[in-house]
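**Student:** From the sequence below, what's the structure:
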Amino acid sequence: TFESLGYAEHQDYSLVQQQTGSEEDGSDSRARLETGGGGHRGVNKPLVRINVYKTHRQTIQYVSPADSKYISQGELLVIDEAAAIPLPVVKSLLGTGQHITLMSSTVQGYEGTGRALSLKLIAELRKQQKGSRNDPNGKHLTELSLETPIRYASGDGLEAWLGRLLCLDATSPPTLRNLDGLPMPEQCELYLVNRDTLFSYHKASEVFLRNMQSLFVSSHYKNSPNDLLLMSDAPKHHVFALLPPLSKSQGRLPEVLVSIQVCAEGRLSRSAQSQALRRGEMRPSGDMIPWTLGQQYPDSSFGSLAGVRVVRVACHPSLQRKGYATEALKQLEAFLEGKMAGAADDDEESSSDEEESGDEEPAADSEEATANKTAALHTERIAPKKSVAPLLSKLSDVESLFPGGVDYLGTSFGLTLQLFNFWHKSGLVPLYVRQTANEITGECSAIMVRNCSQGGDDWLRKLSVDFNGRGGLLSSPHYHRGVPGYKPSAAIGLCASNFR
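**Tutor:** Model (predicted):
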């Protein structure tokens with residue numbers, strides 16, 4: 001602290017707090033200089049600047065990760081919890097100026113944010129350092145690890161139990177046994193994972209769960225125990241796994257190549273939508289895509305459609321960009337479109353036809369079924385299960401996973417050219433791009449949708465034409481603000497992604 005250095009507040013340094021509703025640039029016109037003691041400072045107002053002037057003027061300034069252009073003149077850059085920031089943003093911070101950079105990140109425990117930083121960024125920095133050892137002006141990497149627990153004593157049994165319970169130690173995917181002899185993506189098969197068996201505490205299920213969780217942790221920049229909770233017992237969530245060909249003589253667990261977590265959405269009744277609008281709830285919990293697109297396209301009946309949103313998709317690090325994740329999505333789309341036996345009830349009319357006829361009973365049935373599942377969770381006896389169902393089920397054997405069929409497959413993600421190309425390659429078209437960048441990631445959220453209904457795709461064609469018509473006009477402000485994911489190539493791809 002400054003006190004330990006012999007610095008006195010107001011005499012040697014001063015603190016600047018952000019005003020309510022102001023920008024986080026710390027300028028004197030937008031932030032208030034506190035001159036009183038600690039009791040006079042504003043409550044819940046973040047500190048954005050420290051001005052030091054004991055011997056000469058120095059400034060310690062908070063800068064949002066999205067404002068990397070403001071740090072080019074700095075001498076020292078400190079990035080706390082760097083793993084919670086997307087890698088492209090961290091790379092832009094490192095590449096700005098010749099300053100010294102200190103990065104810290106919690107990578108283990110329930111406060112950890114994932115291993116993306118150490119698996120990707122640190123590995124890349126190590127390669128760069130090898131090539132610049134003889135360059136006196138090159139940057140050099142120094143790594144330090146702190147292993148002392150923060151919340152517990154060293155070797156505390158409670159911390160070890162909590163780590164096993166929440167799979168906090170599942171940080172690195174297991175090495176594939178025969179990487180050179182893996183089958184082609186087309187030879188692999190997507191299976192539905194029985195979540196009751198997955199979380200039954202069976203020895204084999206525990207290994208399979210940790211393998212799946214390690215893929216999610218290594219592929220996503222931010223993870224929390226809440227993600228595991230959703231995957232375990234959220235009534236509308238389901239988990240799939242892409243596996244190599246299985247044989248009955250195989251005496252070991254199959255290797256998980258791709259993991260997919262999805263969530264059922266939609267089938268919103270007219271009364272539910274109107275009541276939410278009257279209460280001013282523009283974005284109620286759940287049903288992200290229907291509520292968001294319902295605001296963007298008020299005249300459409302999109303909310304009444306039944307959809308499936310891809311929450312997370314993770315591919316083994318050794319197999320990325322080799323077509324395995326695309327193949328997994330391809331088989332998932334075929335399952336939702338009813339091209340596999342038992343995938344959906346084709347005898348049911350599409351929800352779009354039901355909305356036109358004014359019949360809202362299917363939505364009520366869906367809500368009642370969800371309520372019954374939720375009630376069962378409160379009465380379930382928590383104890384090890386003696387007999388469990390098979391862990392994996394072929395999609396051709398799955399019946400009525402989504403009663404009434406599915407009208408669309410959708411996803412929401414932070415817009416980057418790489419992710420856009422991945423989803424567009426799987427047949428999804430963009431329908432929404434948020435006009436303000438996310439405060440944490442600095443990226444604009446995008447929604448892409450693919451038709452899965454057998455009753456026609458006129459509804460998607462109309463929405464796609466509407467989006468393409470205004471996409472160019474809505475993209476221009478992002479260039480001037482320097483949104484990381486909004487490169488010209490990404491914007492051109494959005495506008496040129498004609499409906500297929």
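
**Student:** Next, find the distance separating residue 94 from residue 418.
**Tutor:** For residue 94, the distance to residue 418 (Cβ to Cβ, to the nearest Å) stands at 19 Å. (Each C-beta comes from the backbone N, C-alpha and C, glycine too.)

**Student:** quick one: low-confidence parts of the stretch 201-350 of the chain?
**Tutor:** Within the stretch 201-350 of the chain, the stretches with pLDDT under 70 are 221-222, 277, 280-285, 299-300, 341-350.

**Student:** Among residue 94 and residue 418, which residue is more densely surrounded?
**Tutor:** Taking other Cβ atoms under 10 Å, residue 94 and residue 418 do not tie; residue 94 has more neighbours (20 against 10).

**Student:** Can you report how many residues lie near residue 202?
**Tutor:** Neighbours around residue 202, by other Cβ under 10 Å: 16.

**Student:** List phi and psi for it.
**Tutor:** In terms of degrees, to the nearest 10, the main-chain angles of residue 202 are phi -70, psi 150.

**Student:** Also the one 10 residues further on?
**Tutor:** As for residue 212, its main-chain torsions (degrees, to the nearest 10) stand at phi -70, psi -50.

**Student:** What count of nearby residues applies to the nearest residue to it once chain neighbours are set aside?
**Tutor:** With Cβ to Cβ, 6 or more residues apart in numbering as the criterion, residue 212 has its nearest non-adjacent residue at 4.7 Å, and that residue is residue 259. When neighbours are counted by other Cβ under 10 Å, residue 259 registers 26.

**Student:** Residue 265 belongs to a helix?
**Tutor:** No: applying DSSP: H, G, I helix; E, B strand; the rest coil, one finds residue 265 to be strand, outside a helix.

**Student:** Enumerate every residue touching the residue nearest to residue 212.
**Tutor:** 212, 215, 216, 239, 240, 241, 242, 312, 313, 314 (Cβ atoms under 8 Å, 6 or more residues apart in numbering).

**Student:** Go ahead and confirm residue 340 touches residue 395.
**Tutor:** Yes: Residue 340 lies in contact with residue 395 (Cβ atoms under 8 Å); the separation is 4.9 Å.

**Student:** With neighbour numbers in mind, choose between those two.
**Tutor:** Neighbour totals were compared for residue 340 and residue 395, and residue 395 leads with 21 against 17 (other Cβ under 10 Å).

**Student:** List the buried residues for stretch 429-437?
**Tutor:** Within stretch 429-437, the residues that qualify as buried by neighbour count (16 or more other Cβ atoms under 10 Å) are 429, 430, 431, 432, 433, 434, 437.

**Student:** and the last one, how far is that from residue 66?
**Tutor:** Okay, so that is residue 437. 6 Å.

**Student:** same check, this time on the fifth one
**Tutor:** Residue 433 sits at a distance of 16 Å from residue 66 (criterion: Cβ to Cβ).

**Student:** do the same with the first one
**Tutor:** Spatial separation of residue 429 from residue 66 under the definition Cβ to Cβ is 27 Å.

**Student:** How are the helices of the stretch 201-350 of the chain distributed by residue range?
**Tutor:** Counting by DSSP state H, counting those that start in this stretch, the stretch 201-350 of the chain has these helices, from start to end: 203-219, 225-233, 270-278, 288-296, 324-336.

**Student:** who wins for proximity to residue 179 among those helices?
**Tutor:** Set against residue 179 and scored by Cβ to Cβ, those come closest in helix 324-336, at 12.3 Å.

**Student:** just checking, what packs against the closest one?
**Tutor:** On a contact count with 3 or more Cβ pairs under 8 Å, 6 or more residues apart in numbering; DSSP states H and E, helix 324-336 meets strand 189-193, strand 237-243, strand 258-266, strand 306-315, strand 408-414, helix 417-425.

**Student:** Which neighbours in the sheet does the fifth one have, and how are they oriented?
**Tutor:** Looking back up the chat, that one is strand 408-414. strand 306-315 (parallel), strand 445-451 (antiparallel) (DSSP bridges).

**Student:** so which of those strands gets nearest residue 407?
**Tutor:** Comparing the strands paired with strand 408-414 by Cβ to Cβ, strand 306-315 comes nearest, at 5.1 Å.

**Student:** What angle do helix 225-233 and the closest one make with each other?
**Tutor:** 120 degrees (axes from the mean of the first three to the mean of the last three Cα atoms, to 10 degrees).

**Student:** Format the CA atom coordinates belonging to strand 306-315 as PDB.
**Tutor:** Extracted C-alpha coordinates of strand 306-315, given in PDB (Å, rounded to 0.1, in the frame of the first residue of the first chain):
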ATOM      1  CA  ALA A 306     -40.000 -24.700 -30.800                       C
ATOM      2  CA  GLY A 307     -36.200 -24.400 -30.900                       C
ATOM      3  CA  VAL A 308     -33.000 -25.900 -29.600                       C
ATOM      4  CA  ARG A 309     -30.100 -23.700 -28.600                       C
ATOM      5  CA  VAL A 310     -26.500 -24.900 -28.600                       C
ATOM      6  CA  VAL A 311     -25.200 -23.700 -25.200                       C
ATOM      7  CA  ARG A 312     -21.700 -25.100 -25.500                       C
ATOM      8  CA  VAL A 313     -19.800 -27.100 -28.000                       C
ATOM      9  CA  ALA A 314     -16.200 -28.300 -27.300                       C
ATOM     10  CA  CYS A 315     -13.800 -30.300 -29.400                       C
END
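
**Student:** Need the contact partners of that strand.
**Tutor:** 215-216, 218-220, 227, 230, 237, 257-267, 288-290, 324-325, 328-329, 336, 351, 402, 404-412, 449, 452.

**Student:** now do 7 Å
**Tutor:** 215-216, 219-220, 258-267, 288-290, 324-325, 336, 351, 402, 404-412 (Cβ atoms under 7 Å, 6 or more residues apart in numbering).

**Student:** ok, now stretch 244-255?
**Tutor:** With Cβ under 7 Å, 6+ apart as the criterion, stretch 244-255 contacts 176, 177, 182, 183, 187, 188, 204, 207, 208, 243, 257.

**Student:** correct me, but the last one touches residue 319?
**Tutor:** Yes: contact between residue 257 and residue 319 holds when scored by Cβ atoms under 7 Å: they sit 5.9 Å apart.

**Student:** Show me which of these two is the more surrounded one.
**Tutor:** Taking neighbours as other Cβ under 10 Å, residue 257 and residue 319 compare with residue 257 leading, 26 against 18.

**Student:** ok, the more buried one - contacts?
**Tutor:** Counting by Cβ under 7 Å, 6+ apart, the residues that residue 257 touches are 188, 242, 243, 244, 316, 319, 324.

**Student:** what pairs with the residue nearest to it when sequence neighbours are not counted across the strands?
**Tutor:** Leaving aside its sequence neighbours, residue 257 sits nearest to residue 242 (Cβ to Cβ, 6+ apart; 4.8 Å). Beta-bridge pairing for residue 242 (DSSP bridges): residue 190, residue 258.

**Student:** Quick one: residues contacting residue 242.
**Tutor:** 188, 190, 257, 258, 324, 327, 328.
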